[in-house]
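[1] pasting the sequence and the predicted model now:
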Amino acid sequence: MKRFLTTEQALAQLFEEEPIEERDMVIIPPNPSAVSDEKDFDENDLTNVGVLPSDTAGELEIHNSQFGIFKHHLSIDEQMIPYRGRHSCKMFIKGKPIRFGYKSWILASSDGYVFSFDIYQGKSENKYEYGLGGKVIIKLLKALQKPNYHKIYFDNFFTSFKLLSYLKQMGYFATGTVRDNRIEHCPVESIKVVAKKERGYYDYRFEKLNEIFVVRWNDNSVVTVASTCHTISLLSNVSRYSKKISSKIKIPQPNMVTAYNKHMGGVDLCDNLISTYRIKIRGKKWWWPIFTNFIDVALVNSWKIWKFVNRDDKKSLLAFRREVTNYLLRTPVKIEKNSSTGHASQFALQCENPIDSSGHYLSKIIDGKRRRWILPYALKIYVPNMSNRTPY
């Protein structure tokens with residue numbers, strides 16, 4: 001028997017012993033007018049450069065969070081939208097799977113559900129107290145209604161001691177890898193000293209005033225992690241390959257590093273799902289790749305909700321996309337005449353009372369011209385036999 005809970009009731013159970021992912025429940029969406037603090041949302045400043053028409057980005061952001069932020073562990077990372085045309089916002093990042101395109105900052109859950117995003121629009125003349133990474137973090141976290149219900153993870157591009165101190169004061173729990181020049185003279189052992197130690201060695205320090213824990217761990221390379229909610233205990237053992245004995249060995253790993261590795265890959269998981277079945281329709285407008293990427297994000301989010309509610313249904317993302325496509329093709333579309341779109345083609349034939357677009361065929365007639373038909377039985381045309389066609 002399923003338990004029907006509101007978003008707040010479901011979030012209140014995140015800190016119980018039994019994880020929310022294992023409960024058999026359905027979250028009832030709240031009133032869309034009270035989803036979050038959208039009134040303070042500045043529409044990503046997209047209207048200043050005209051990234052998308054009709055505020056598409058702002059509308060998608062509202063729909064992404066219409067069920068509230070119903071995940072406990074969230075991650076923030078960058079996403080590349082492929083584009084090889086000419087535009088001032090297009091970027092080149094060496095070593096990335098998508099080297100040319102638009103950059104977008106994403107707030108997603110650990111399983112790949114996108115809650116919020118911000119498209120990077122180039123360097124700003126304003127100087128930010130916490131740097132560009134801190135500005136992005138603070139802007140994306142505005143979507144959270146209750147900061148103490150979530151734990152945030154991000155990489156060393158964003159993390160700094162000042163940012164962690166600010167997030168701690170605002171009530172956010174944050175964890176991230178940090179660069180050596182951003183730990184504010186923390187007396188932890190240097191990278192050169194830790195690199196000479198055995199594999200699995202770690203050193204840590206705790207800053208009492210802001211309650212920030214810093215650990216430096218020696219793995220394949222030296223990793224530094226800072227957190228306001230995790231510590232080094234409990235230690236876990238991870239498997240690594242040793243060249244000396246030509247076999248795998250067990251080495252200790254601090255809890256901070258374990259939690260970071262477990263919950264940080266949400267944006268990468270979403271990118272992987274999008275790239276598998278990315279929309280390939282090409283357009284001549286520079287904003288078209290951003291628009292199609294938003295459609296892919298919406299489909300992935302819908303599939304995630306479907307899996308969350310229908311636990312027993314093992315429907316794949318491809319099958320889900322096909323089902324959505326078939327539904328849209330069967331949905332009647334009312335076309336209104338618009339003088340701005342020009343006149344109809346002289347070869348277009350209209351039929352009274354069309355049923356829907358599922359009977360839309362393009363066929364040759366006697367005079368050799370191609371005409372668009374609303375119904376297959378409007379005139380004598382060839383209709384292929386679909387009964388013997390193999391289903392998906």
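    Cool, the structure landed. Numbering: from 1, shown residues only.

[2] all helices of the stretch 251-392 of the chain, in order?
    Ranges of helices within the stretch 251-392 of the chain are 255-263, 266-276, 288-309, 317-330, based on DSSP state H, counting those that start in this stretch.

[3] with mean pLDDT added, can I get the ones you listed in a markdown table?
    Conversion of the helices of the stretch 251-392 of the chain to a markdown table gives the following (pLDDT from 0 to 100):
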| stretch | mean pLDDT |
| --- | --- |
| helix 255-263 | 93 |
| helix 266-276 | 93 |
| helix 288-309 | 92 |
| helix 317-330 | 91 |
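
[4] figure out which of these is closest to residue 119.
    Between residue 119 and the helices of the stretch 251-392 of the chain, the tightest spacing by C-beta to C-beta is seen for helix 288-309, at 7.1 Å. C-beta coordinates here come from the backbone N, C-alpha and C atoms, glycine included.

[5] next, the angle helix 266-276 makes with the closest one.
    110 degrees (axes from the mean of the first three to the mean of the last three C-alpha atoms, to 10 degrees).

[6] what comes up buried for helix 288-309?
    288-294, 296-297, 299-301, 303-304, 308 (16 or more other C-beta atoms under 10 Å).

[7] do stretch 90-102 as well
    If you call a residue buried by 16+ other C-beta under 10 Å, then stretch 90-102 has these buried ones: 90, 91, 101, 102.

[8] of all those, which comes closest to residue 284?
    Among the buried residues of stretch 90-102, and counting by C-beta to C-beta, the member closest to residue 284 is residue 90, at 15.4 Å.

[9] got the helices of the stretch 251-392 of the chain as a markdown table, with distance to residue 201 columns?
    Supplementary listing: the helices of the stretch 251-392 of the chain in a markdown table, determined by distance: least, C-beta to C-beta, whole Å:
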| stretch | distance to residue 201 |
| --- | --- |
| helix 255-263 | 13 |
| helix 266-276 | 28 |
| helix 288-309 | 39 |
| helix 317-330 | 42 |
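
[10] between the ones you listed, which gets nearest to residue 132?
    helix 266-276 (17.1 Å).

[11] now the helices for the stretch 101-250 of the chain?
    131-140, 161-170, 191-195.

[12] give the buried residues for stretch 74-83.
    74, 75, 76, 77, 78, 79, 80, 81, 83.

[13] can you list the weak-confidence ranges in the stretch 1-150 of the chain?
    Scanning the stretch 1-150 of the chain with the threshold set as pLDDT under 70 gives 1-69.

[14] so what's the residue count around the closest residue in space to residue 157 that isn't next to it in sequence?
    Excluding its sequence neighbours, the residue lying closest to residue 157 (C-beta to C-beta, 6 or more residues apart in numbering) is residue 133, at 5.2 Å. Burial of residue 133 is recorded as 21 neighbouring residues (other C-beta atoms under 10 Å).

[15] how about residue 70, secondary structure?
    coil (DSSP: H, G, I helix; E, B strand; the rest coil).

[16] number of residues surrounding it?
    20.

[17] re earlier: nearest to residue 226 among the buried residues of stretch 90-102?
    residue 91 (27.5 Å).

[18] which residue ranges form the strands in the stretch 51-200 of the chain?
    Here the stretch 51-200 of the chain has its strands, by DSSP state E, counting those that start in this stretch, at 73-82, 91-92, 100-109, 114-119, 151-154, 173-177.

[19] and the buried residues of helix 288-309, which two are the farthest apart?
    Longest span within these, C-beta to C-beta: 288 and 308, 30.8 Å.

[20] roughly how far does the residue lying closest to residue 230 once chain neighbours are set aside sit from residue 183?
    Here the nearest residue to residue 230 in space, its sequence neighbours aside, is residue 256; by C-beta to C-beta, 6+ apart that works out to 4.3 Å. Taking C-beta to C-beta, to the nearest Å as the measure, residue 256 falls 14 Å from residue 183.

[21] picking that back up, thought residue 174 was touching the residue nearest to residue 157, still the case?
    No. Using C-beta atoms under 8 Å, residue 133 is not in contact with residue 174; the gap is 11.9 Å.

[22] intersection of neighbour lists for these two?
    Shared contacts of residue 133 and residue 174 (C-beta atoms under 8 Å, 6 or more residues apart in numbering): 154, 163.

[23] follow-up on the earlier one: closest to residue 318 out of the helices of the stretch 101-250 of the chain?
    Across those, closest to residue 318 is helix 131-140 (C-beta to C-beta), at 29.8 Å.
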